[in-house]
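Peer 1: My questions concern the predicted model and sequence given below.
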Amino acid sequence: MKFSRRIESMTYHLVKSLITFIGLISPRRADRLAHFVGHAWFKYDTRHRTVAMDNLTHVFGDSMDQKALTGLAKLNFVNTVRILFEMGQSTRWPLESICHQFRYYGMNHVINAHKKGKGVLLVMAHIGNWELAAPAIMASGFQSAAVYRTLDFKPLDRYTKEIRQKFGCRMYPTRRAVYGIRKELFKGNLVGLLIDQNASKPRQSVFVDFLGRKASANKGLAFFAMATDVPVISFFVVRENGKFRAEFGPEVPVVKTGDPEKDLVENTQAFNRVIEEMVRRYPDQWFWIHRRWKTRPLQESVSGREVGHLETL
């Protein structure tokens, strides 16, 4: 056990040193390296290339030919690699001048939502560079927290948690998130939830339409929004014209008809629609290598209501 912990600690320090070193590379050279690594990754990683091409074909196959789809997929791999270089660069940002790294849009939305005094729930997704959301929110003048799923690779999980907390974002693992979310909202803080990935557990998910296909989506954000009456807005950090665009979206109305099950689906659909709009605006920056539509409805009634789940291999 001690040996295992020692190896894990050594690996953590290796990961930290590697990302710190990457942060020393000039932005121009880092961009060239990201292009090289991204294209090599696309060429040799058959599994993730197949997933990305399948996802992109389902969404854009009617409007793009094969050449355009392949080009979009390659750019997506490059942008995913860019995240690592940008994380390294962010470790060297002076805390007092982080705001200069971002161009803010929609500040009136978060200000108006925050004025309600109940805290703010944020719809977030794996688009652009979500790892920069913590410093972007801190630099905007608000206190934040986030719910996260622990990574299987413990050294990287430890590092990403530390770097997020460095920028003032308190992190709550999904297993213990309920208490943390309530505490943060009570203090009037912003709480972000990444809700764009496949949700495989039936009790935690509902099926919604996402980019033209049925997708199993986590209903946790809708549950908290309905239970607390806290305003919900979106927040994304994407690349635009060589800069980072930090965008707060307008408040998303939360439906409460008295039918909790129906309302959970309706509100989860509304939140995912916001993400869908952002993905269509920046299709090269979403996490296409993830099997977003992996979990399928076991059966669908004529009315369209899903019952059960089915995991595909």
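Peer 2: Yes, it's here.

Peer 1: ok, the closest residue in space to Val59 that isn't next to it in sequence to Lys154 distance?
Peer 2: Among residues not flanking Val59 along the chain, Leu211 sits closest, at 4.8 Å (C-beta to C-beta, 6 or more residues apart in numbering). (Glycine included, C-beta is placed from N, CA and C.) As for Leu211, its distance to Lys154 is 33 Å (criterion: C-beta to C-beta, to the nearest Å).

Peer 1: Check Ser216 too.
Peer 2: From Ser216 over to Lys154 the distance is 27 Å, taken as C-beta to C-beta.

Peer 1: the more surrounded of those two?
Peer 2: Ser216 (27 against 14; other C-beta atoms under 10 Å).

Peer 1: Okay, and the beta partners of the more buried one?
Peer 2: Assessed by DSSP bridges, Ser216 has beta-bridge partners Phe207.

Peer 1: Might one say that it is in contact with Ser200?
Peer 2: Yes - if you go by C-beta atoms under 8 Å, Ser216 and Ser200 touch, sitting 6.8 Å apart.

Peer 1: Pop out the phi and psi values for Glu240.
Peer 2: Note on Glu240: backbone dihedrals following degrees, to the nearest 10 are phi -150, psi 120.

Peer 1: residue contacts, it?
Peer 2: Counting by C-beta atoms under 8 Å, 6 or more residues apart in numbering, Glu240 touches 103, 282.

Peer 1: Flag every buried residue along stretch 227-239.
Peer 2: Neighbour counts over stretch 227-239 (16 or more other C-beta atoms under 10 Å) mark 228, 230-239 as buried.

Peer 1: Now the element after the helix or strand hosting Gln89, going C-ward?
Peer 2: Using DSSP states H and E, Gln89 sits within helix 66-90. Later in the chain than helix 66-90, the nearest helix or strand by DSSP H and E is strand 102-105.

Peer 1: What strands line up against that following strand, and which way round?
Peer 2: As assigned by DSSP bridges, strand 102-105 forms pairs with strand 243-248 (parallel).

Peer 1: Alpha carbons only: can I get stretch 206-219 in CSV?
Peer 2: Taking Å, rounded to 0.1, in the frame of the first residue of the first chain, the C-alpha atoms of stretch 206-219 are listed here in CSV:
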residue,chain,number,x,y,z
VAL,A,206,-33.6,11.2,-18.4
PHE,A,207,-33.6,11.1,-22.2
VAL,A,208,-33.7,14.3,-24.1
ASP,A,209,-33.2,15.4,-27.7
PHE,A,210,-29.6,16.6,-28.3
LEU,A,211,-28.2,17.5,-31.7
GLY,A,212,-30.9,15.5,-33.4
ARG,A,213,-30.6,12.2,-31.4
LYS,A,214,-32.0,10.9,-28.2
ALA,A,215,-29.3,11.3,-25.4
SER,A,216,-29.3,10.2,-21.8
ALA,A,217,-28.7,13.3,-19.8
ASN,A,218,-28.0,13.9,-16.1
LYS,A,219,-31.0,15.5,-14.4
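
Peer 1: Residues touching it, excluding its own?
Peer 2: Under C-beta under 8 Å, 6+ apart, the answer for stretch 206-219 is 58-59, 193, 195, 197-200, 204-205, 264-265, 268-269, 272, 275-276, 279-280, 292-297, 300, 306, 309.

Peer 1: List the buried residues in it.
Peer 2: Buried residues in stretch 206-219 (16+ other C-beta under 10 Å): 206-208, 210-211, 214-219.

Peer 1: Mind checking the pLDDT average for that stretch?
Peer 2: Stretch 206-219 carries an average pLDDT of 96.

Peer 1: oh, and call the first residue 42 from now on, that's how I've got it
Peer 2: Okay, residue one is now 42; in that scheme the one you just asked about reads as stretch 247-260.

Peer 1: so where do the helices sit in the protein?
Peer 2: 43-63, 68-85, 87-101, 107-131, 148-155, 174-181, 195-207, 218-227, 261-269, 301-322 (DSSP state H).

Peer 1: most neighbours per residue, which of the ones you listed?
Peer 2: helix 174-181 (a mean of 23; mean count of other C-beta atoms under 10 Å).

Peer 1: helices or strands up against it?
Peer 2: strand 143-146, strand 185-189, strand 210-214, strand 231-235, strand 273-281, strand 284-289 (3 or more C-beta pairs under 8 Å, 6 or more residues apart in numbering; DSSP states H and E).

Peer 1: residues touching Gln130, list them.
Peer 2: By C-beta under 8 Å, 6+ apart, the contact list for Gln130 reads 64, 68, 71.

Peer 1: What residues does the last one make contact with?
Peer 2: Right, Ala71. Ala71 neighbours (C-beta under 8 Å, 6+ apart): 63, 123, 126, 129-130.

Peer 1: Dump these into CSV; add distance to Lys224 and pLDDT as well.
Peer 2: Converted to CSV, those look like this (distance: C-beta to C-beta, whole Å; pLDDT from 0 to 100):
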residue, distance to Lys224, pLDDT
Ile63, 35, 92
Arg123, 34, 97
Phe126, 35, 95
Gly129, 32, 93
Gln130, 32, 93
